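> Starting from these lines, generate the structure:
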Amino acid sequence: QVQLVESGGGSVQAGGSLRLSCRTSGSPDSRRCVGWFRQAPGKEREVVAHIYISFNSTSYADSVKGRFAISQDNAKNLVYLQMNDLIPEDTAMYYCAAGLFCSSRARDVNYWGQGTQVTVSS
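Predicted coordinates:
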């Protein structure tokens, strides 16, 4: 089993920054990839970014490239999502996700956190 606990969401004005944290626990083999998805009201859940824990390799959705950065602190079992230059379109519930491999499809995710809300006002 894997547990994921997010924190760091909130409300910010356009152009601002937020950092989300995901504390992971459980079998390391079951969380080889940790990532972030988001879901806005009335929209499908979409990938934002993910990181292969062992290789420290990252990937991003085109919509956040150059603005968001995913990173990890292995000693603390934390994965971060630094979000800069936020725009109203980034408003969504953000979910930490983990699984055996990284995928842009929500159905491939094995474990989900409870979500943290990010609201960006114009």
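
> What pLDDT is listed against the most centrally placed residue in the chain?
For the chain, the residue sitting closest to the mean C-alpha position, by C-alpha atoms, centre = their mean, is residue 36 at 2.1 Å. At residue 36, the model reports a pLDDT of 98.

> now do residue 1
As predicted, residue 1 sits at a pLDDT of 89.

> right, and it touches residue 24 too?
No - because the distance of 11.4 Å does not satisfy C-beta atoms under 8 Å, residue 1 is recorded as not touching residue 24. In short, each C-beta sits where N, CA and C put it, glycine included.

> Just want to know which of the two has more residues nearby.
Taking residue 1 and residue 24 together and counting by other C-beta atoms under 10 Å, residue 24 has the greater number of neighbours (23 against 7).

> any idea how far the helix or strand that one falls within is from the chain center?
Residue 24 is part of strand 18-26, with elements assigned from DSSP states H and E. The offset between the C-alpha centroid of strand 18-26 and the centroid of the whole chain comes to 8 Å, using C-alpha atoms, centre = their mean, to the nearest Å.

> Just the C-alpha atoms of the helix or strand just after it, please, in CSV.
Secondary structure here is assigned by DSSP H and E; on that basis, the next helix or strand after strand 18-26 toward the C-terminus is strand 33-39. Output in CSV follows, covering the C-alpha atoms of strand 33-39 (Å, rounded to 0.1, in the frame of the first residue of the first chain):
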residue,chain,number,x,y,z
CYS,A,33,6.7,7.3,-10.3
VAL,A,34,5.1,10.1,-8.4
GLY,A,35,3.3,12.9,-10.2
TRP,A,36,0.6,15.6,-10.1
PHE,A,37,-2.7,15.6,-11.9
ARG,A,38,-5.4,18.3,-11.7
GLN,A,39,-9.1,18.5,-12.3
